[in-house]
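*Asks:* turn this into a structure:
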Amino acid sequence: MPRVSDAARFALAHQVILLRHEASGTPLDITLARLPFEKEALALATAVNFGGPALRVATVEDFVI
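*Replies:* Now for the predicted structure:
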């Protein structure tokens, strides 16, 4: 479930999709990789299963820029 009223417009403007997991209420931010360092972080990411489809998650080192 989106956390903002116009999620698509917000995502295009800010390169992030703001969602909320309905069952738990947990916020989820999905960053859209556009910059070179973001693409590199995505290449190094590992797949993590959150109880559904696996999502590729960047390493802790790549979050600290």
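*Asks:* when you work out contacts or count neighbours from here on, use the C-alpha atoms and nothing else.
*Replies:* Noted.
*Asks:* residue ranges with poor pLDDT in this protein?
*Replies:* Along the chain, segments meeting pLDDT under 70 span 65.
*Asks:* which parts of it are helices?
*Replies:* Taking DSSP state H as the criterion, the chain contains helices spanning 7-14, 36-44, 60-63.
*Asks:* distance check, Arg3 against Ala47.
*Replies:* Applying C-alpha to C-alpha, to the nearest Å, the value for Arg3 to Ala47 is 24 Å.
*Asks:* pick out whichever of those two has more residues nearby.
*Replies:* Arg3 (14 against 11; other C-alpha atoms under 10 Å).
*Asks:* for that one, grab phi and psi.
*Replies:* For Arg3, the backbone dihedrals (degrees, to the nearest 10) come out as phi -100, psi -10.
*Asks:* that one against Glu22, yeah?
*Replies:* No: the pair Arg3 / Glu22 is not scored as a contact, 10.7 Å apart, by C-alpha atoms under 8 Å.
*Asks:* that older thread, now the helices of the chain in TSV, with mean neighbour count?
*Replies:* Putting the helices of the chain into TSV (neighbours: other C-alpha atoms under 10 Å) gives the following:
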stretch	mean neighbour count
helix 7-14	13
helix 36-44	14
helix 60-63	10
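*Asks:* and of those, who's closest to Asp29?
*Replies:* helix 7-14 (10.3 Å; C-alpha to C-alpha).
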